[in-house]
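Engineer: sharing a model prediction with you, sequence too.
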Amino acid sequence: MSRVLSSASPLFNAVIYKIGWLACVVGAAVGWGPAGALVAIGLTALHAVLAERPEREWPLLLAAAALGMGLDTFHAAAGVLDFRGHQAGSIAPIWIVALWLQFATTLHFSLRWLSRRYALAAVLGLTGGPLAFLAGERIGAATFGDPRALSLAVIGLSWAIALPTLVAIADRLGWPGRYRLLPAAAAR
């Protein structure tokens, strides 16, 4: 049974990422951003604890949180994004930093296929970053600054740099292995 669960690591990873993403974005949209962040942070901790080699996950998670906090603080200060409940001049809200943590959990698992494909990661970041923010805007978690097209372009360029950077960090740290979903004693 543990082999079946272990081979499902990319699927399990994608599911916990989506749950965390929804918790953050919907939470922010309804004014409960910190509660959504707690869900995402809990799922991120679960991810790291279940990884066979968590020491390879924690540095990636912390790098993504720092990069995301810096980028989205810049986006807010520059008027590119207005996060619901965010005060101008302050750092990015906790729920958006939790999203960056959640995203980093995918780099060794459900997005492992991006390993060493930095140009592809840049293209995916250029397109996927703005699409994710468009989805968040539709839910009500953020709004774009004017002109909207410029805001989307800045987000795309930011993600075109951020995603390959995170993939390179993940590559340098090495693969943490599959998830340990069952304790060794229970697998017998």
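Structural biologist: The structure has been received and is ready for your questions. Because the structure is a prediction, the values reported are computed rather than measured. Numbers count the residues shown, from 1 in each chain.

Engineer: give me the most central residue, the protein.
Structural biologist: Nearest residue to the geometric centre of the chain (C-alpha atoms, centre = their mean): F103, 1.8 Å.

Engineer: buried residues in the longest helix along the chain?
Structural biologist: Secondary structure assigned by DSSP state H gives helix 148-173 as the longest helix of the chain. By neighbour count with 16 or more other C-beta atoms under 10 Å, helix 148-173 contains the buried residues 151-152, 154-156, 158-167, 169-171, 173. Just so you know, the C-beta spots here come from the backbone N, C-alpha and C atoms, and that holds for glycine as well.

Engineer: again, but for stretch 100-118
Structural biologist: Buried-residue list, stretch 100-118, by 16+ other C-beta under 10 Å: 100-111, 114.

Engineer: and which of these is nearest to T143?
Structural biologist: Nearest to T143 out of those is W100 (C-beta to C-beta; 19.5 Å).

Engineer: surely R56 touches H108?
Structural biologist: Yes - using C-beta atoms under 8 Å, R56 is in contact with H108, at 7.4 Å.

Engineer: identify the contacts common to those two.
Structural biologist: Residues touching both R56 and H108 (C-beta atoms under 8 Å, 6 or more residues apart in numbering) are 175-176.

Engineer: touching, A168 and Y118? I think so.
Structural biologist: Yes - A168 is within contact range of Y118, at 6.6 Å (criterion: C-beta under 8 Å).

Engineer: now the common contact residues for these two.
Structural biologist: Counting by C-beta under 8 Å, 6+ apart, nothing touches both A168 and Y118.

Engineer: so what's the residue nearest to L124 when sequence neighbours are not counted up against?
Structural biologist: Using C-beta to C-beta, 6 or more residues apart in numbering and skipping residues adjacent in sequence, the residue nearest L124 is L163, 6.1 Å away. Neighbouring residues of L163 by C-beta under 8 Å, 6+ apart: 114, 121-122, 124-125, 128-129.

Engineer: show me which of those residues are buried.
Structural biologist: Here, 16+ other C-beta under 10 Å leaves 114, 121-122, 124-125, 129 buried among the contacts of L163.

Engineer: can you add secondary structure, distance to P34 and pLDDT and give those residues back as TSV?
Structural biologist: Formatted as TSV, those follow (DSSP: H, G, I helix; E, B strand; the rest coil; distance: C-beta to C-beta, whole Å; pLDDT from 0 to 100):
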residue	secondary structure	distance to P34	pLDDT
L114	helix	31	97
A121	helix	30	98
A122	helix	32	98
L124	helix	29	98
G125	helix	27	98
G129	helix	24	97
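
Engineer: any stretches of this protein with poor pLDDT?
Structural biologist: Applying pLDDT under 70 to the chain flags residues 1-8, 181-188.
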